[in-house]
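Undergrad: fold the following, please.
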Amino acid sequence: MRDLLVTVPHHSGAVPLEILAEMLGDDLHDEAACAARRERLWREGDPHTDRLFLLPGARLVTAAVSRFVVDLNRHPDDRGPNGVVKLRDFGGESLYAGGAAPDEDAVAARVRRFYEPFHAQVEHELRRRRPLALIDAHSMTATGPDLGPDHGAIRPAASLITGGGPDGEPTDGPVSLPGPAARALAEALERALAARLPLGVDGAPSGVRINDPFAVGEIQRRYAAPNAPIRVPAVGIEINRSLFEDGEARPLPERITTIRDAIGAALEAVRPELERAAAGLGR
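TA: Take a look at the predicted model:
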């Protein structure tokens, strides 16, 4: 899989001390409060996705900080409450002491310090050796959180994000992966997961959907856009966390390995479709 590039934007739980101080205020001096906040933000990210998508031979570009420091999968100009610098956690609670929020200068500084280097590394890898496809690695909770697009809904085993409709075809703009390739990958990933895990048994999730519950991701939009300097097919892959965590949200190493193998097998199975998609972009 040396011709795949994997981006992992949300696995990190790192929060620089000065940003943690903005979040905690006087509680910064309470070690238990610091540890609890770091743990909470890490849990609300995509923990373990770096290991989950450590595909043999693929190149990885990983995040240096938590998505609650800066979200690498948002447009850098997105100033909404769930934008590039988030104002609330996924339970809807303010992230900052007293409800204060970073001002424009602080947001711009975080974009320069953390966002731009990550995307510069992605662009470097694209120029260094253009990949067959870009895989954007994510995980999702078993049910939609308060701040999600599907609050309270039961989620599938996995989901693909291409920017289109549930059939993978375009809706109001271009898709990052052609519909036929998206459908083939969804089918291959469902087969690969079902062959290795008890999907749909004892409450386990089942099925692989396209653009549901998430339809848009900045990373695949950015690097598959028609005006991208180096355009490549791109797809976000979301894996349901209940497949690789126990009831106490602790990781299950054997499950992580099993799911990683399933992802790799699915991508290999659709290599002809990915090659056609890349050829269609002039690879």
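Undergrad: render the CA-only coordinates of the strand or helix carrying residue 32 in PDB, please.
TA: Residue 32 is part of helix 31-43 when elements are defined by DSSP states H and E. Only the C-alpha atoms of helix 31-43 are listed here, as PDB (Å, rounded to 0.1, in the frame of the first residue of the first chain):
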ATOM      1  CA  GLU A  31      -3.600  18.500  38.500                       C
ATOM      2  CA  ALA A  32      -6.700  16.300  38.700                       C
ATOM      3  CA  ALA A  33      -8.700  18.900  36.700                       C
ATOM      4  CA  CYS A  34      -5.900  19.100  34.100                       C
ATOM      5  CA  ALA A  35      -5.800  15.400  33.700                       C
ATOM      6  CA  ALA A  36      -9.500  15.100  33.500                       C
ATOM      7  CA  ARG A  37      -9.800  17.800  30.800                       C
ATOM      8  CA  ARG A  38      -7.000  16.300  28.700                       C
ATOM      9  CA  GLU A  39      -8.600  12.900  29.000                       C
ATOM     10  CA  ARG A  40     -12.000  14.300  28.000                       C
ATOM     11  CA  LEU A  41     -10.700  16.100  25.000                       C
ATOM     12  CA  TRP A  42      -8.800  13.000  23.900                       C
ATOM     13  CA  ARG A  43     -11.900  10.900  24.200                       C
END
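Undergrad: wait, residue 150 touches residue 209, no?
TA: No. Taking CB atoms under 8 Å as the definition, residue 150 is not a contact partner of residue 209, at 10.8 Å. Glycine gets a C-beta too; all of them are placed from N, C-alpha and C.
Undergrad: still on that earlier bit, just the residues contacting the helix holding residue 32, thanks.
TA: Defining contact as CB atoms under 8 Å, 6 or more residues apart in numbering, one finds that helix 31-43 is touched by 12-13, 15, 20, 23-24, 27-28, 66, 68, 89, 249.
Undergrad: pull the most distant pair out of those.
TA: 28 and 249 (25.4 Å; CB to CB).
Undergrad: the more surrounded of the two?
TA: residue 28 (17 against 11; other CB atoms under 10 Å).
Undergrad: contact partners for that one?
TA: Residue 28 touches 17, 20-21, 34, counting by CB under 8 Å, 6+ apart.
Undergrad: which of these fall in helices?
TA: 17, 20-21, 34 (DSSP state H).
Undergrad: distance from stretch 210-220 to the middle of the chain?
TA: Averaging C-alpha positions (CA atoms, centre = their mean, to the nearest Å) puts stretch 210-220 9 Å from its chain's average.
Undergrad: where does this structure have low pLDDT?
TA: 282-283 (pLDDT under 70).
Undergrad: sorry, back to before: tell me the one of the ones in helices among the contacts of residue 28 nearest residue 273?
TA: With CB to CB as the yardstick, the closest approach to residue 273 among the ones in helices among the contacts of residue 28 comes from residue 20, at 44.3 Å.
Undergrad: show the contacting residues for that closest one.
TA: So residue 20 contacts 28, 34, 37-38 (CB under 8 Å, 6+ apart).
Undergrad: and residue 189, by the same measure?
TA: Going by CB under 8 Å, 6+ apart, residue 189 touches 158, 160, 208, 237, 262-263, 266.
Undergrad: okay, residue 150 and residue 209: which has more neighbours?
TA: residue 209 (17 against 14).
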